[in-house]
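Chemist: Here is a sequence with its predicted model. Questions after.
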Amino acid sequence: MKQDGMKQGFRRADRVAKEIKEIVAILFSRYASETNLSFVTITNVSLSDDLKSARIFYTIFPGVDNKLVAEAIDRSQGWVRRELSRQIKIKSVPKIQFFPQDDSGEFLETSNLIDS
């Protein structure tokens, strides 16, 4: 235990980020009405300490049109946020943003993906 009596371990933001990652991955793979979302793999979620904003990183299967998938992800943001509010027990659902990640683990700018 720490000196102040609190348990040592993961931050709350880390635990909630892990839960968001699992939920979004399941939503895209099983429940998405857009078939392009089934080609997405959620790789990481970065959540602010105040739990107000989440950056969701993803990769796309090779051979799939990146632009079509990015557009499908943009259209799904409201639906994803609604589903998160139903499945996570927190005061307010974080604002979510999706960011592509290339094979080397580098994060791409969304504008570069849409332009290509």
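Modeler: It's in.

Chemist: Low-confidence bits of this protein, can you list those?
Modeler: The model of the chain has pLDDT under 70 over residues 1-10, 103-116.

Chemist: Helix, strand or coil: sort out the most centrally placed residue in it for me.
Modeler: Centroid-nearest residue in the chain, with C-alpha atoms, centre = their mean: I56, separated by 2.8 Å. With DSSP: H, G, I helix; E, B strand; the rest coil as the basis, I56 sits in strand.

Chemist: So it is in contact with I42, correct?
Modeler: Yes. Between I56 and I42 there is a contact under C-beta atoms under 8 Å: 6.3 Å. In short, each C-beta sits where N, CA and C put it, glycine included.

Chemist: if I look at these two, which residues touch both of them?
Modeler: Counting by C-beta atoms under 8 Å, 6 or more residues apart in numbering, the shared contacts of I56 and I42 are K21, V24.

Chemist: which helix of the chain spans the most residues?
Modeler: helix 66-87 (DSSP state H).

Chemist: helices and strands around it, which ones?
Modeler: helix 12-26, strand 53-60, strand 95-100, helix 110-115 (3 or more C-beta pairs under 8 Å, 6 or more residues apart in numbering; DSSP states H and E).

Chemist: among these, which is nearest I73?
Modeler: The minimum distance between I73 and the helices and strands packed on helix 66-87 falls on strand 95-100, with 4.9 Å, by C-beta to C-beta.

Chemist: can you count the residues close to the residue nearest to A72 when sequence neighbours are not counted?
Modeler: Leaving aside its sequence neighbours, A72 sits nearest to N36 (C-beta to C-beta, 6 or more residues apart in numbering; 4.0 Å). Using other C-beta atoms under 10 Å, the number of residues around N36 comes to 20.
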